[in-house]
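> I'll drop the sequence and a predicted model, then ask my questions.
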Number of protein chains: 2
Amino acid sequence: MRGVQTDEPVTILTVAREAGVSKTTASDALRGSGRVSEATRAAVAQVAERLGYVPNGSARHLRRASTGTIGLHVPEVLTRSSYYMSFVFGAVERAARHDYDVTLITSGQRRPRPPRVDGLVLGDPLGGDPVVESLMGTGLPTVSCERFPGDRQADGVVWSEHAEMLTRLLGHLRSSGAARPALIVAGDESDWAASLHRGYLGWCAGQGVAPLVRRVSFDATGDEVRAAARDLLRSSPLDALVCAPAGAATEVAPLLRESGGDVLLASCVDSAATRLADPPITAIDLRPREAGESCAELLFELLAGAAPAGTERLHPIELAVRASTRRVGI
Amino acid sequence: MRGVQTDEPVTILTVAREAGVSKTTASDALRGSGRVSEATRAAVAQVAERLGYVPNGSARHLRRASTGTIGLHVPEVLTRSSYYMSFVFGAVERAARHDYDVTLITSGQRRPRPPRVDGLVLGDPLGGDPVVESLMGTGLPTVSCERFPGDRQADGVVWSEHAEMLTRLLGHLRSSGAARPALIVAGDESDWAASLHRGYLGWCAGQGVAPLVRRVSFDATGDEVRAAARDLLRSSPLDALVCAPAGAATEVAPLLRESGGDVLLASCVDSAATRLADPPITAIDLRPREAGESCAELLFELLAGAAPAGTERLHPIELAVRASTRRVGI
DNA sequence: AACCTTTGCCGGAACGTTCCGGCATCTGAA
DNA sequence: TTCAGATGCCGGAACGTTCCGGCAAAGGTT
C-alpha cells in the first residue's frame, strides 16, 4: 500500500499537462487517431501508464452519443437452466472488456419502447415470441445465438452444428449396442430444437431405422418430460434415450433406473447436474459461456463496422461421453 | 408499431421545451429536487412520460462524478458453484435498477491500483486473501456478504444465521434417527464455514455427543471431499453426514450409496444438483440471488447516505428437507 | 408603506471526452 | 526564392445532465 492516492482523479488533462502537450494531442496519442509523431505518442503513453490514467467511460459515451449498453434477451427464467447463466456471464464479461454494460431483457417485462442500448444479443430467439419480434423491429444491430425461426434474420448469427453433433452421439449409442435410440425434443419454434429434430430424422433415414420421437415444450417441466419418457417406455422396448431439453435427462434418469430396462441415456445439454449424476450422463457440451462471449464479440464488431451485416459465425461444441452410455464389458 | 421514432433522442431539453419550462425546472421536477410547484411538477412528469424521456446515464454519471459502476468480488471460479452465479445475477439486476454497471473482480487478476468504481461488494471474503485486503484498503464504500474474518470490517454486512440453521438441520437429522451426524466443512478463513463449525460444536455440546468433523479447503475438489468422507466411513460407524462446501454432497452421494450403510446426507448449500440428485438431497437454501440483491441494495443505500456505515442486515435462509434425510417408515 | 422571507423559476457553468477546423512549421519541387 | 502540400499540434465546442447562485413575484410582518 504505497500511499493513498485519493487526491483527485487523473483525467486526460492531467496526462496532457504532465506530458507537456494539449488535451487533443494526448487524446489522439492514446487512441491512435489524428496526426501525432511517434515520439510524442510514446511519451504520452508512458505518462498515462505512469499516472494510471483510465478514460472516463461516461464522458466517452456521452461524447460519442453511444449508450455504453447492450441489451441481452434470453427466453425463459434464468434460474431454470445453468446454460443461460453461463451464456449471460460470457456476454457480460466480453462487454465489460469493451467498456460496455449489459441490460437484461426478459420476455416477461413490458416493452413500451425500444430500450436505450447500442445493440442487442438474442439468446435462442423463439419464433413467435412477441418481445423478440419487437426487438428485431427496432432496427438496432442485433446478434442472435442460433438462427431466428421467423422471416427476418439478425445482423449477426452465432450458430453450432447441432445436427452433426447429434449424429455423432447417435453413432456412439449405436456402437454401444442401441439399435433404435429415441428422442425427446422441443418443438420447432427454436432453431436449436428444430436442428436436432432434423438431424435425428436424417440419421434414422440413413440407418434405415424408424424414428421414435416425443415432442415437449421448450421449457418443459420435469413432469412433462417424465410423461414423455413413460410414454416411450410403454409404447416400445427402449434401448437408448436422448433428451434434448436442458435438465430433462437428469429428470428422467430415476425413472429409467426404476424401469430396470438398462436404457442408455444422453442429454443434448451438458450441465453440472449431468456431470454429477449417478451414473454421469453423456451430454453435448454447448460451451455456453464461450457462446455468450462470441455473440457479444460479434455484436461489437458489427457496431465498429469491423464485421458486415449478415455475418455468421460457427461456435464449436463438444461431445462428452460418460458412463450412462457405456455398456459394461464393451 | 406506431411509427418509427428514430428522429432524434429526447433529452431533458426536449421535455423542458415541450412543457414550456427551463431545463433546470424540468430536471428539478423530474427528480423531486429544488423548488417546483406541484402543478408544474405534474405537467413536466406528464410530458416526460408522453415523450418517453429516459435520462442519459452517461451524462448523469459524468456530472455527478460517479463512475456508474460497482465492483463485485467473488473468491473462486464462478463456474464451479452455481451459488456465485446466482449471487452475481442478483447483484447485477439490482445494480441495473439503479442505473449502475457491475465490474467483476476475480482473485486471479492483478490489481495494480484501485478499480474505477463507486463501491464494492465482496462475496464471501476470505481472510488472508490479498486481493480482498487491498480492496478493503481502497477506502471505497464496501459491503460484504458474511463478515470479513480479518481485523477490519466492511461498511455494510449482509449475513445469515448459518449456525442456527445448521442446528435446525442437525435436529432434523436426529429426529430421523441419526445419533451422531458428522460434518465436512472448510476452514475458518471464511466466516460462513467458521459459523457452521461453531454451530456444529455448539449443538454437539448441547446434545452431549462427541463432534465428528473433517476439514477441507474452501474450494475443495470432489476428490478431496470424497477422501474426507472415506476417512469418516472408516473411522466410525456413520449414520448421517452434513457436507458444507458447495457441490460436496452430490460428490459423495455415490460413495455413500456404495458403502450401503444407509447414511443420511445433507448439504449446507442448495443447488440444482442437490434438488435433482437421486434421492434428492436435503439442503440449506442460501437464496443466493436474493443475497446478491441485498448486498447491492445495501451498498446503494450507503452510497446515498440512506444507511449509516456499520449497518448489518440479516439475510433469511431456508431449510429444504428432502428424501435423502427421510427414513422410510418414519 | 417599507421591509424581510418564502416560493417558483431560470441562466450558466461544469463534469471529461472527442472531433472539427485551423495555425504554424517543415519538406521538397518549381 | 516561392509556394503547395504534408506534418505536428492545438483551441474551442459539443454531448446531456446537475447544481450553484440569482432574480422576480408573492406573501407576511412590523
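That came in fine, so what should we check first?

> end to end on stretch A:46-64, go ahead and measure it.
Stretch A:46-64 stretches 26 Å from its first residue to its last (CA to CA, to the nearest Å).

> ditto for stretch A:218-227
Using CA to CA, the two ends of stretch A:218-227 sit 15 Å apart.

> can you check stretch A:260-273 too?
Taking CA to CA, the first and last residues of stretch A:260-273 lie 21 Å apart.

> list the buried ones in it?
A:263-273 (16 or more other CB atoms under 10 Å in any protein chain shown). C-betas here are computed from N, CA, C, even on glycine.

> next up, the contacts around the nearest residue to A:A182 once chain neighbours are set aside.
Closest residue in space to A:A182, ignoring its immediate chain neighbours: A:L212 at 4.0 Å, by CB to CB, 6 or more residues apart in numbering or on different chains. Counting by CB atoms under 8 Å, 6 or more residues apart in numbering or on different chains, A:L212 touches A:180-183, A:232, A:236.

> chain neighbours aside, what residue packs nearest to whichever residue of the stretch 151-300 of chain A sits closest to DNA strand C?
Nearest residue of the stretch 151-300 of chain A to DNA strand C (CB to the nearest atom of the strand) works out as A:F300 at 15.8 Å. Distances taken as CB to CB, 6+ apart place A:H98 nearest to A:F300, at 5.2 Å, with adjacent residues excluded.

> pLDDT wise, what is the one you found at?
Looking at A:H98, its pLDDT stands at 81.

> now, the contacts of A:L212 that are in strands?
A:182-183 (DSSP state E).

> by neighbour count, which of the contacts of A:L212 wins?
Counting neighbours by other CB atoms under 10 Å in any protein chain shown, A:P181 leads the contacts of A:L212 with 29 neighbours.

> got a list of what the closest residue to that residue other than its chain neighbours touches?
Nearest residue to A:P181, sequence neighbours excluded (CB to CB, 6+ apart): A:A240, at 3.8 Å. Going by CB under 8 Å, 6+ apart, A:A240 touches A:173, A:176, A:178, A:180-182, A:263-266, A:325.

> mind jotting down where the strands sit in chain A?
Remark: strands assigned in chain A by DSSP E are A:69-74, A:101-106, A:119-123, A:142-145, A:156-159, A:182-186, A:213-216, A:240-243, A:264-267, A:282-285, A:311-314, A:318-320.

> those: lowest mean pLDDT?
Minimum mean pLDDT among the strands of chain A: strand A:101-106, a mean of 74.

> contacts for that one?
In contact with strand A:101-106 (CB under 8 Å, 6+ apart) are residues A:68-74, A:78, A:88, A:91-92, A:95, A:111, A:115, A:117, A:131, A:135, B:92-93, B:96, B:101.

> and the buried ones among those residues, selectable in ChimeraX?
The buried residues among those can be selected in ChimeraX (16+ other CB under 10 Å) with this line:
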select /A:68,69,70,71,72,73,74,78,88,91,92,95,115,117,131,135 /B:92,93,96,101
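
> now for the residue of the stretch 151-300 of chain A closest to DNA strand C, how many residues are close by?
If we define neighbours as other CB under 10 Å, then A:F300 has 21 of them.

> any figure for the gap between it and chain B?
Between A:F300 and chain B the distance is 16 Å, computed by CB to the nearest CB, to the nearest Å.

> next up, the contacts around that residue.
Going by CB under 8 Å, 6+ apart, A:F300 touches A:94-95, A:98, A:100.

> pull out the buried positions in stretch A:155-174.
Buried-residue list, stretch A:155-174, by 16+ other CB under 10 Å: A:155-160, A:162-163, A:165-167, A:169-170, A:172-174.

> just those now: which is nearest A:V15?
A:G156 (35.7 Å; CB to CB).

> ignoring the adjacent residues along the chain, who's closest to A:M85?
B:M85 (4.7 Å).

> just checking, that neighbour touches A:F89?
Yes. Using CB atoms under 8 Å, B:M85 is in contact with A:F89, at 7.0 Å.

> who has more neighbours out of these two?
The residue with more neighbours, out of B:M85 and A:F89, is B:M85; 24 against 21, by other CB under 10 Å.

> quick one: that one from B:K23, how far?
B:M85 sits at a distance of 43 Å from B:K23 (criterion: CB to CB, to the nearest Å).

> equivalent analysis for A:G90, please.
Taken as CB to CB, the span from A:G90 to B:K23 is 41 Å.

> comparing the two, which residue is more hemmed in?
Per other CB under 10 Å, whichever of A:G90 and B:K23 has more neighbours is A:G90, with 21 against 14.

> next up, the contacts around the more buried one.
If you count contacts by CB under 8 Å, 6+ apart, A:G90 has them with A:288-296.

> show me which of the residues you listed neighbour chain B.
A:R289 (CB under 8 Å from any CB of the partner chain).

> interface residues of chain A facing DNA strand D?
Counting by CB under 7 Å from any atom of the strand, chain A comes close to DNA strand D at A:20-25, A:28, A:34-37, A:39-40, A:59, A:62-63, A:65.

> go ahead and build a ChimeraX selection from the buried members of these.
Command for ChimeraX that selects the buried part of the residues of chain A next to DNA strand D, burial taken from 16+ other CB under 10 Å:
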select /A:21,25,28,36,40,62
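
> filter the residues of chain A next to DNA strand D by proximity to DNA strand C?
Answer for the residues of chain A next to DNA strand D near DNA strand C (CB under 7 Å from any atom of the strand): A:23-24, A:34, A:59, A:62-63.

> dump the residues you listed to a markdown table, plus pLDDT and distance to chain B.
As requested, these are exported to a markdown table (pLDDT from 0 to 100; distance: CB to the nearest CB, whole Å):
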| residue | pLDDT | distance to chain B |
| --- | --- | --- |
| A:K23 | 95 | 16 |
| A:T24 | 95 | 19 |
| A:G34 | 86 | 23 |
| A:A59 | 94 | 5 |
| A:L62 | 93 | 4 |
| A:R63 | 93 | 9 |
